[in-house]
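> my questions concern the predicted model and sequence given below.
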Amino acid sequence: MIKRDVYLNRIRPFMNQNLVKVITGIRRCGKSVLLEILQKELQKAGVPADSILSYNFESLSLAHLCTAEALYQEVMEKAKERVGRIYLFFDEIQEVRGWEKAVNSFRVDLECDIYITGSNSQLLSGELSTYLAGRYVEFLLYPFSFQEFVELARETQPNRSPAEYFQQYIRYGGMPYLWNLEYQEGPVKQYLRDLYNAVELKDIVRRKQIRDVDLLERILAYVTANIGNTFSATTISKYMKSEGRKVSPETVLNYLHAGSEAFLFYPVKRQDLMGKKILSVQEKYYLADHAIREAVIGGNLRDINLILENIVFLELKRRGYDVTVGKAGAKEIDFVAQRQEERIYIQVAYLLASQETIEREFGVYESIRDNYPKYVLSLDEFDMSRDGILHRNIRDFLLSHEGVR
């Protein structure tokens, strides 16, 4: 079992604090396992096992706890039997109607430490922000990073090179359960297609009460096929019209928001670096895991440059950066990553195979005169750094501590 130390290190300072710990992320990215790890850490620190109450609301055995009132009564009854602080773990809490009322009541009525997970970013909107304003901390969980993938793969394949591990990672992605399938291509693709369908049906169609499922599927497929490309709701609306489906940009935008709220993909805004403002049109989108695209659409190796962008983007998010696409005049920088006062620029390419490619990838920085680190990442094995611009092999960057905190 991978301990997911990046996330544990962020959560530990808040353990035993009167703040609700909220762990969010796409379905099956490892939230339940992270809760188990946290429970084991508490027990190792001396917390009695019977002081920990854990509920997974995706289990039918807990269907009777589908309302805030039922959950509150259940927990309060069990709390009477415990002495001292109790620890409450609620997995996929959004399955409980009005759950935020129960969680807020536990915080008020009990000496407790609360941890919850959910597969929708709306978990932290609406009534929760009213009930728990300033009383929760959120941790967004992603599928395995390349470093985590390597740590796990070394247990059964200790003699492989980083390049061989990376080939596997490009092919299969980082969804944790794939380890149990031993990365067999057929079962992996079926699992990822089922995951995609579960997110669509459970986290989008059901929660948003979407009636035109066919239209939703077409829009999600468009985004999945076009990761890393700039487009707008109007672009998709025009594309749908050409396909014989009339849909307004407003409806498209609502469906895009629904996909983002379910953590299926992440929108990335464009930033005018000269005017220092966020542009309101032509965003990019990246998937929660690049292998989902291969399972649903196919063509990842054909679009390898976009897949590498997706991998680097998610790594920057794991490292805690806010990420935008940089526009500098007529040129575009793949990623501008900001974390408090720290900034790095990143350009991603498959291979610097020609002088024209080298000039293009390094040349985007010509008008950027600040002293923040500037990178060109590719799969080339030789260091081509020049003019203060750092060239790194993508594998090495993903395994390094550059930009890690």
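All right, it came through fine. Numbers count the residues shown, from 1 in each chain.
> quick one: residue 33 and residue 176 touch, right?
Yes. The criterion here is Cβ atoms under 8 Å, and residue 33 meets it with residue 176 at 6.9 Å. C-beta here means a position set from N, CA and C on the backbone, and glycine is covered the same way.
> these two: which has the busier surroundings?
A count of neighbours by other Cβ atoms under 10 Å puts residue 176 above the other of residue 33 and residue 176, at 21 against 17.
> so how far is residue 303 from that one?
Residue 176 is 25 Å from residue 303, where distance means Cβ to Cβ, to the nearest Å.
> same question for residue 51.
From residue 51 to residue 303 the distance is 51 Å (Cβ to Cβ).
> ok, the two, which is more surrounded?
Counted by other Cβ under 10 Å, residue 51 and residue 303 do not tie: residue 303 has more neighbours, with 22 against 17.
> so what pLDDT did the most centrally placed residue in the chain get?
Centroid-nearest residue in the chain, with Cα atoms, centre = their mean: residue 142, separated by 4.0 Å. Looking at residue 142, its pLDDT reads 98.
> what does residue 71 give?
Residue 71 is assigned 98 on the pLDDT scale.
> ditto for the one 10 residues further on
As summarised for this prediction, residue 81 has a pLDDT of 90.
> next one: residue 403
Reported pLDDT for residue 403: 64.
> in this protein, which strand has the most residues?
For the chain, the strand with the greatest residue count under DSSP state E is strand 277-287.
> for the following helix or strand past that strand, packing partners?
Counting by DSSP states H and E, the next helix or strand C-terminal to strand 277-287 is helix 290-296. Applying 3 or more Cβ pairs under 8 Å, 6 or more residues apart in numbering; DSSP states H and E, one finds that helix 290-296 makes contact with helix 162-172, helix 185-198, helix 213-225, helix 304-318.
> and if we set it to 7 Å?
In terms of contacts (3 or more Cβ pairs under 7 Å, 6 or more residues apart in numbering; DSSP states H and E), helix 290-296 is packed against helix 185-198, helix 304-318.
> low-confidence ranges, the stretch 201-350 of the chain, go.
Scanning the stretch 201-350 of the chain for pLDDT under 70 picks out nothing.
> what residues does the closest residue to residue 271 other than its chain neighbours make contact with?
Excluding the flanking residues, the one nearest residue 271 by Cβ to Cβ, 6 or more residues apart in numbering is residue 324, at 4.0 Å. Listed by Cβ atoms under 7 Å, 6 or more residues apart in numbering, the contact set of residue 324 reads 268, 269, 270, 271, 336.
> and the residues you listed, which of them are buried?
Burial by neighbour count, 16 or more other Cβ atoms under 10 Å: within the contacts of residue 324 this picks out 268, 270, 271, 336.
> quick check: the third one is in a helix.
Just to be clear, that refers to residue 271. No. Under DSSP: H, G, I helix; E, B strand; the rest coil, residue 271 sits outside any helix and is assigned strand.
> so residue 138 sits in a strand?
Yes. Counting by three-state DSSP, residue 138 is part of a strand.
> check whether it really touches residue 22, as I assumed.
Yes. Counting by Cβ atoms under 7 Å, residue 138 sits close enough to residue 22 to count as a contact (4.7 Å).
> per-domain residue ranges of the chain.
When the chain is parsed with automatic domain parsing, its domains come out as 5-140, 147-399.
> straight-line length of the shortest one, end to end?
Meaning domain 5-140. 14 Å (Cα to Cα, to the nearest Å).
> give me the distance between that domain and the centre of its chain.
20 Å (Cα atoms, centre = their mean, to the nearest Å).
> all set now, cheers.
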